[in-house]
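**Q** What follows is a predicted protein model with its sequence.
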Amino acid sequence: MIKGYIFDLDGVITDTAEYHFRAWQQLANEEDVPFTREDNDALRGVSRRRSLELLLKGRVYPEEKMLDMMDRKNVYYRAFLKQITPADLLPGVFDLLTEARTAGIKSGLGSASKNARDVCQSLGILDLLDVIGDGFSVVNGKPAPDLFVWVAGGFSLNPAEVVVFEDAAAGIEAGLAGGFWTVGIGPAERVGKAHRRRDNLAGARVADFTFD
């Protein structure tokens, strides 16, 4: 019986991908590093540190410089986040969270973002989330299952009782590795390994996510 849901943030609950792209692009321009939308796609679902490493494409910098670049990117990103309102929730998300609460199903966040709590506050859904798992919660990020396991522990539930909703291949891999049921949000070439796949959560109901 399913007793909990864990949602990724970007691409599942809201879409801040454009803000991430613009922030990374601003940093890349300052550092004279080529950075395209295709490069940005490779950053989906991974940590800020790993994203920077991918952006740099093998360029080596002192640790102090790396930390400075990550901080600068986050400053740019947080400036863009000030534009977020509840209107930025993706279709179906609020209704599914509300129905899950009524049905007694716990809902949580499992995001690599260190800004996740602030984003959820701006979206107006903090009261609908029982556990917030973010970039501060665990050491090993996706595709390791640690973040989802941490959130399930906050629910006091076993992974087999929990559904993970993810739009990134790394997130699906993490969910499967942790023994969770998985729902991929997006194209089959990216999330096709999930137990089920949807284009989005528009019209989604609790009854859609029962598993044997």
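**A** Noted; the coordinates are in hand.

**Q** quick one: average pLDDT of the longest helix that the chain contains?
**A** The single longest helix within the chain, with elements called by DSSP state H, is helix 63-81. Mean pLDDT, helix 63-81: 94.

**Q** same question, stretch 188-201
**A** Here the average pLDDT along stretch 188-201 is 96.

**Q** any idea which helix or strand of the chain has the worst average confidence?
**A** Lowest mean confidence among the helices and strands of the chain (mean pLDDT, DSSP states H and E): helix 37-41, at a mean of 90.

**Q** What are the buried residues along that helix?
**A** Neighbour counts over helix 37-41 (16 or more other CB atoms under 10 Å) mark 39-40 as buried. In short, each C-beta sits where N, CA and C put it, glycine included.

**Q** helix or strand for the closest residue to Arg72 other than its chain neighbours, which one?
**A** Closest residue to Arg72 apart from its sequence neighbours, by CB to CB, 6 or more residues apart in numbering: Leu27 at 5.8 Å. Element membership for Leu27 (DSSP states H and E) is helix 17-30.

**Q** just the helices in the chain please.
**A** Using DSSP H, helices in the chain cover 17-30, 37-41, 48-56, 63-81, 93-102, 116-123, 146-155, 169-177, 188-191.

**Q** Show me where the chain dips below the pLDDT cut-off.
**A** By pLDDT under 70, the chain has no low-scoring segment.

**Q** and it, what are its domains?
**A** Using automatic domain parsing, the domain parsing of the chain gives 4-15+88-209, 17-81.

**Q** Out of these, indicate the one that is most buried.
**A** domain 4-15+88-209 (a mean of 20; mean count of other CB atoms under 10 Å).

**Q** Pull the distance from that domain to the chain's centre.
**A** 7 Å (CA atoms, centre = their mean, to the nearest Å).

**Q** Equivalent analysis for stretch 44-55, please.
**A** How far stretch 44-55 lies from its chain's middle: 13 Å, per CA atoms, centre = their mean.

**Q** And the contacts of that stretch?
**A** Residues from elsewhere that reach stretch 44-55, judged by CB atoms under 8 Å, 6 or more residues apart in numbering: 8, 10-11, 17, 24, 27-28, 33, 35, 39, 42-43, 66, 69-70, 73-74, 112, 114, 135, 141-142, 166-171.

**Q** Could you list the residues in contact with the helix holding Leu27?
**A** Outside helix 17-30, the residues within contact range by CB under 8 Å, 6+ apart are 10-11, 34-35, 37, 40, 43-44, 51, 55, 69, 72-74, 76-77, 80-81, 83.
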